[in-house]
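Engineer: pasting the sequence and the predicted coordinates here, then a few questions.
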Amino acid sequence: TIIHLTFLHESGSNNPLGISSNCDKIPFHPYFSLKDLLGFIIIFLPLTTLALF
């Protein structure tokens, strides 16, 4: 088990050829932050309207 964990967490163990594959990654901040903010507004607005009127 120790040997398996050693090789599993070795740097570059998931990419044996060493090819950089950044094309399938998207940055977290602009997309998911706006998506979460929009979801918060969609939930918060009806609840605020229900509570205040």
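Structural biologist: Cool, the structure landed. Residues are numbered from 1 along each chain as shown.
Engineer: how near is Lys35 to Pro27?
Structural biologist: For Lys35, the distance to Pro27 equals 13 Å [C-beta to C-beta, to the nearest Å]. (Glycine included, C-beta is placed from N, CA and C.)
Engineer: before we move on, what about Thr49?
Structural biologist: Using C-beta to C-beta, one obtains 34 Å as the distance from Thr49 to Pro27.
Engineer: next: Thr48.
Structural biologist: 31 Å.
Engineer: can you list the low-confidence ranges for this structure?
Structural biologist: Where the chain drops to pLDDT under 70, the residues are 10-19, 21, 23-24.
Engineer: same thing but 80
Structural biologist: Residues of the chain that meet the criterion pLDDT under 80 lie in 1-2, 4-28.
Engineer: which residue is nearest the centroid of it?
Structural biologist: Centroid check for the chain by C-alpha atoms, centre = their mean gives Phe28 as the closest residue, at 5.8 Å.
Engineer: name the helix or strand for Ile3, please.
Structural biologist: Under the criterion of DSSP states H and E, Ile3 resides in helix 2-8.
Engineer: that helix: what's the following helix or strand?
Structural biologist: Toward the C-terminus from helix 2-8 - assigned by DSSP H and E - lies helix 28-52.
Engineer: how about that next one: buried residues?
Structural biologist: Neighbour counts using 16 or more other C-beta atoms under 10 Å place no residue of helix 28-52 among the buried ones.
Engineer: how far is that helix from where the chain is centred?
Structural biologist: Between the centre of helix 28-52 and the centre of its host chain there is 18 Å, according to C-alpha atoms, centre = their mean, to the nearest Å.
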